[in-house]
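Novice: Kindly generate the corresponding structure for this input.
(2 chains)
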Amino acid sequence: MVKTLHTTTTRDIAEQHYRQLRKKRLLIIVLLAAACFISFCFDMVTGPSALSVREVLAALFNTASADDTTRVIVWTVRMPYAVMALLVGMALSLAGAEMQTILNNPLASPFTLGVSAAATLGAALAIILGISLPGISENWIVSFNAFLLAFASVLLLQLVSRLRNAGVTILVLFGIALVFTFNALVALLHYVATPEALQQVIFWSMGSLARANWEKVQLLAVVVLAVTPFTMASCWKMTALRLGEERATGLGINIKKLRFTSLLRISLLASASVAFVGTIGFIGLVGPHIARMLVGEDHRYWFPASMVTGALVMSLASIASKLLVPGALLPVGIVTALVGVPVFIYLIMRKARQTR
Amino acid sequence: MKKTLMLVVSILVAGLCYSQPVQVTDVLGRTVTLKKPARKVLLGEGRDIVTLNILHPRPGDLIAAWTDDFKKTLEYKHYLKQFPELERIPTTGSGAAGFSAENAIASRPDVAVFAVKGHGPGPEAKELISQLQAAGIPVVFIDFRSSPFKNTIPSIRLLGSVLQLEARAEAFIAFYQSRLNKITSVISARKPATPAVFMDMKAGMAENEFNSPGKDNLNQFIQAAGGYNIGADALPGPVGQLNQEFVISRRPAIYIATGTDIFRGKGVVLGADVTAEETAASIKKRLQHPVISTLPAVKNKRVYGLWHLFYASPFNILATECIAKWIHPDLFADIDPDASLRELNEKFLSVPMKGTYWISMDK
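Specialist: Residues are numbered from 1 along each chain as shown, chains lettered A, B, ... in the order given. As a prediction, the model looks like this:
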């Protein structure tokens, strides 16, 4: 009798712990999402023109009453930037979390295997040589080229790893080889470019939210919405993969297929982001890290937490870039690092204190 | 007999002059001595062949070697048509990073002409400069870019002395100075209000990017012409990108798009061989951008286009005349940039500037 009571209690305590943990993790994700929303609101009311909060709200909810200038500022300038910041943050951070899992490497990011280098090559081809597929409108050739090459580079990577039946190490090494190849080709293009076109390529590669417009926002939103359910469906397998390839295989998981579908998702997310806003590093590396420190590595929580963390850091970066140099556009890639690094270091220090 | 003697004497005198050392001070204040006047120069920026054309009807004859930036332009085709031998001038690479000291030295120039700021080697290329000097090639610096209105005249005068083509240099300086004086004297005497100008640099090259001059370079053009460049408030350097909202909030009264032929199909196109129709169509396309179409300048049709490469050219005075006339049409009614261009082409340039270098769309 006493014995049974004892075991029930232990089991109860364990279950209660688990329920509490789940609750805590969900709460953290909800809080992060709320922070994203607040940050988005701040993003909408900050800008170099002295629009009051009331004017912004009026333009948002009673569009007809606002004058042309205010309407353009709110709907054509601020809103696409602000939404793009959230979407890019989600896409890159989620892609980073998946990449870190399938490569079993916390230093991986969506750009580790050459996606951004390939995208830059695509953009440079369009800007310097005007090369693109026929039938693409002039306003889209840079984005289109960037996406095409980024996506193609991942397919190439996939093909090679299949042909050679290669493991993670070969995949990473081949990805690094691609990075160097693309960088060299971009440098070669720099060499033949006129100085004016060259400056344009450099601006492009620094990454900027200013390239956002509603069409691009919609496209990226479609990509994120389409990819996320598949990511979430793979959560269990991903968590199992973290136990090691052999154990995951023992649990009946087809690792090759898992890795391939994951790489496809990563490349869609990363290529679409980089095509629309240029290379924004750091988010894809640090978003997942911050999320992992907050909710642990159970993918059911870690993936959504990575998305909201990434969105939050990007949104804060968007605000900071407007406040740091009013009127000018500081390339947002610079700001993401400046905003994200202090948060990152704080979390590392805290964790170090806890584990000591 | 007497005639022959005169001839011999004058040849001797000329020869003596020619072998005299030349001492010059360049725009950085460096005193440079050439053992004798230069016949051949090394150009750190190939585009300065146009500057040499001010001084000499066959500018290619003065070039020992050059960087290949100019070869990527449409102007080069004009030059090549008249002087096919330009194709044989050795190149020293592309820009500062790809500069070949060996090619430069092997071309045996009498002097190297570098720009203080630009796409070729500059004062920071210390190793290159000491290598050239060790090979007996002095280096002089010219500048049309970092302080255009202070340094254009000294730069032309410097080249005139180095190449002993002073007469042509002084003629151009007179052409330049009289025009600059006119603008500065009117501005300083009348002190007109300075309307806000948005210069959309390389307009439309990327749909949603608004490049603008900051505190340097083209900003000085706008200031000299009696305007107020909105980018100067936000951008610390010579050029940067403006937040679109900032542009709207400054309510610019004047809109000037700059462009070159490399933006054909994408953005605003101006330059050699470009027709006014093409330029106008490219600017109209840019004006459809939702942010630009709301600007007061566009609503009031104060819309203009300017060739981008005036930013680093001794012909910056033509651009300044245009901008002055656009900003203050009443004060500068008697200024005629088209006439200035004609005079420049007739008096100085054996390869004339033909194409559309500016356009006014305020009608």
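
Novice: When you work out contacts or count neighbours from here on, use the C-alpha atoms and nothing else.
Specialist: Will do.

Novice: pLDDT value on residue 106, please?
Specialist: In the absence of a named chain, this looks at chain A. Residue A:106 carries a pLDDT value of 83.

Novice: not quite, I wanted chain B
Specialist: 92.

Novice: Now do it against chain A, distance only.
Specialist: Using CA to the nearest CA, to the nearest Å, we find residue B:106 at a distance of 22 Å from chain A.

Novice: pLDDT below threshold where in the chain?
Specialist: Looking at chain A here, since you left the chain open. Along chain A, the model assigns pLDDT under 70 to residues A:1-7, A:355-356.

Novice: Hmm, no, I was thinking of chain B.
Specialist: The model of chain B has pLDDT under 70 over residues B:1-19.

Novice: Mind telling me which residue of it is nearest chain A?
Specialist: Closest to chain A within chain B is residue B:242: 4.3 Å, counting by CA to the nearest CA.

Novice: and that residue, what does it touch?
Specialist: Counting by CA atoms under 8 Å, 6 or more residues apart in numbering or on different chains, residue B:242 touches A:327, A:328, A:329, B:209, B:210, B:211, B:212, B:231, B:234, B:235.

Novice: Which residue comes closest to it once chain neighbours are left out?
Specialist: Closest residue in space to residue B:242, ignoring its immediate chain neighbours: residue A:328 at 4.3 Å, by CA to CA, 6 or more residues apart in numbering or on different chains.

Novice: you'd agree the one you found is up against residue B:235?
Specialist: Yes - counting by CA atoms under 8 Å, residue B:235 is a contact partner of residue A:328 at 6.0 Å.

Novice: which neighbours do those two share?
Specialist: In contact with both residue A:328 and residue B:235: B:241, B:242, using CA under 8 Å, 6+ apart.

Novice: where does the stretch 151-300 of chain A come near chain B, residue by residue?
Specialist: Contact residues, the stretch 151-300 of chain A versus chain B (CA under 8 Å from any CA of the partner chain): A:191, A:192, A:194, A:195, A:197, A:200, A:210, A:211, A:212.

Novice: so what's the first one up against?
Specialist: If you count contacts by CA under 8 Å, 6+ apart, residue A:191 has them with B:94, B:98.

Novice: on that earlier part again, list the contacts of the residue nearest to residue B:242.
Specialist: A:322, B:234, B:235, B:240, B:241, B:242, B:243, B:246.

Novice: what about 7 Å?
Specialist: With contact set as CA atoms under 7 Å, 6 or more residues apart in numbering or on different chains, residue A:328 has these partners: B:234, B:235, B:241, B:242, B:243.

Novice: Next: residue A:159.
Specialist: Contacts of residue A:159 by CA under 7 Å, 6+ apart: none found.

Novice: Now the buried members of the residues of the stretch 151-300 of chain A next to chain B.
Specialist: Neighbour counting with 16 or more other CA atoms under 10 Å in any protein chain shown marks A:191, A:192, A:194, A:195, A:197, A:200, A:210, A:211, A:212 as buried within these.

Novice: Tell me the one of those residues nearest residue B:177?
Specialist: residue A:195 (29.4 Å; CA to CA).

Novice: So for stretch A:203-214, what gets flagged as buried?
Specialist: With burial defined by 16+ other CA under 10 Å, the residues of stretch A:203-214 counted as buried are A:203, A:204, A:205, A:206, A:207, A:208, A:209, A:210, A:211, A:212, A:213, A:214.

Novice: could those residues go into TSV alongside secondary structure?
Specialist: Output for these, formatted as TSV (DSSP: H, G, I helix; E, B strand; the rest coil):
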residue	secondary structure
A:203	helix
A:204	helix
A:205	helix
A:206	helix
A:207	coil
A:208	coil
A:209	helix
A:210	helix
A:211	helix
A:212	coil
A:213	coil
A:214	helix
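
Novice: Thanks a lot, catch you later.
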